[in-house]
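Q: Compute the structure for the input listed below.
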Amino acid sequence: MKKYIYMKALSSLGILSIASCSDDDFKNKPQTIDINDIALTPINGGCEVEWTPDPEDNNFVFLHIEFTDHDNKPRSYNVSRYGSELVTPFVKDEDGNPVLNENGESVKMVIKDLVNQEFALHFYAYNNDNNRIDLGSRSITPLDYKQCTPDSIFAVSISAKGGRKVILEWKEPQIKTSSTSDKVFFRFKFGEDIVETKNIDLGIHHAEFILENSGECTVEYGTVSAIGKEWVRKYNGTLNVVKFYTQELWEAKDKYLASSAIIEADKIHTPLLIWHNDKDEAVAYEQGRALYLAMRRLQRPAWHLNYKGEGHHLKKWENRLDYSRRVMEFYDYYLKDGKKPEWMKS
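A: Residues are numbered from 1 along each chain as shown. Okay, the predicted model is just below:
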């Protein structure tokens, strides 16, 4: 008489009960399953599990698989006799209820994201009462995982600034050991024939580039594996990459006038706080300074914050704090009847 161990979780009590039973004591146990009848097929980066349930054993609900992966993390999978929803859709009757697989068809599922090493898969058979029989273990070695789809990125943000500059930001999932991805790429397509590609190392999450081309373009982004397999997505909408005018002022007066805030300075009556640093690499510093001087000549309330040596973004922590403090004081004074700070009195 064989002896088995089974575990049953009592979710309502929050405990796990462990008990032993024999073939004779196991009520409505599934019929004996020969583990060698379960077909294990290695695939690139994983394996397929396939077997044919006994059509007369209606008490056998699903096959359960447990093993430890290459990251030393436990994994578990269930392969239902109704059909694996990962591969084969559940067969349902007219009322939408699952139909028991009673015709002896095989069902299968795919285990993914495994490296090219041997794994010991442990199998259990479960009945309708959630009791299980230990079927033993089988070993499988997946094929070359380099054929797997590379890791993805998400929450991608792309913005265009002056001077053909683009700023890229993205997030990455926890990179799996089985991943061969080491690069993120962005493709900027200006029409059919002009494509610029930028490659960045994974883990950076932020990059800034000056493109060679300008105008409207579509963008594709993704990751690439060591053997060149790509995971690609298309960015929503189009991106307008702007360059500075290369014509002289007297050759393109209408363009300069249309984009000049100084020409419309007399229409600005709202108090104006300008933050523009002298080492700005995206917008010419002289433009912010000129607007500030125009407002002063008009005797309109205006202030210019210039953190010397800083570029388009503040990098020094003390400058970030100072800027935040001044912005709060500016709004407090005009919106909350706060006290006018000393720096606004000059």
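
Q: ok, Ala39 - contacts?
A: Listed by Cβ atoms under 8 Å, 6 or more residues apart in numbering, the contact set of Ala39 reads 48-51, 106, 108. Any C-beta I mention is one placed from the backbone N, CA and C, and that applies to glycine too.

Q: quick one, helices of the chain?
A: Remark: helices assigned in the chain by DSSP state H are 253-258, 285-297, 317-335.

Q: quick one: which of those is nearest Glu172?
A: Counting by Cβ to Cβ, Glu172 lies closest to helix 317-335 out of those; the figure is 25.6 Å.

Q: which residue is nearest the middle of this structure?
A: Geometric centre of the chain, nearest residue: Phe154, 2.7 Å, by Cα atoms, centre = their mean.

Q: For that residue, list the residues it contacts.
A: Per Cβ under 8 Å, 6+ apart, neighbours of Phe154: 170-173.

Q: and if you look at His269?
A: When contacts are counted by Cβ under 8 Å, 6+ apart, His269 touches Arg300.

Q: Now with 10 Å, please.
A: His269 makes contact with 298, 300-301, according to Cβ atoms under 10 Å, 6 or more residues apart in numbering.

Q: Now for Ser106, how many residues are close by?
A: Under the neighbour criterion other Cβ atoms under 10 Å, Ser106 is assigned a count of 12.

Q: tell me the pLDDT at the nearest residue to it once chain neighbours are set aside?
A: Here the nearest residue to Ser106 in space, its sequence neighbours aside, is Thr52; by Cβ to Cβ, 6 or more residues apart in numbering that works out to 4.5 Å. pLDDT for Thr52: 79.

Q: do you know how far His269 is from Met295?
A: In this structure, His269 and Met295 are 10 Å apart, going by Cβ to Cβ, to the nearest Å.

Q: one step back: what's around the residue nearest to Ser106, how many residues?
A: Counted by other Cβ under 10 Å, the residues lying close to Thr52 total 16.

Q: about what we covered before: can you list residues touching both of His269 and Met295?
A: Going by Cβ under 10 Å, 6+ apart, residues that sit against His269 and also against Met295 are Pro301.

Q: Looks like Leu298 contacts Glu264 (just checking).
A: No - with contact defined as Cβ atoms under 10 Å, Leu298 and Glu264 do not form a contacting pair (11.4 Å).

Q: how about the strands in the stretch 151-300 of the chain?
A: Remark: strands of the stretch 151-300 of the chain, listed N- to C-terminal, are 154-161, 165-171, 183-190, 194-201, 206-210, 215-224, 230-234, 239-241, 272-275; assignment by DSSP state E, counting those that start in this stretch.
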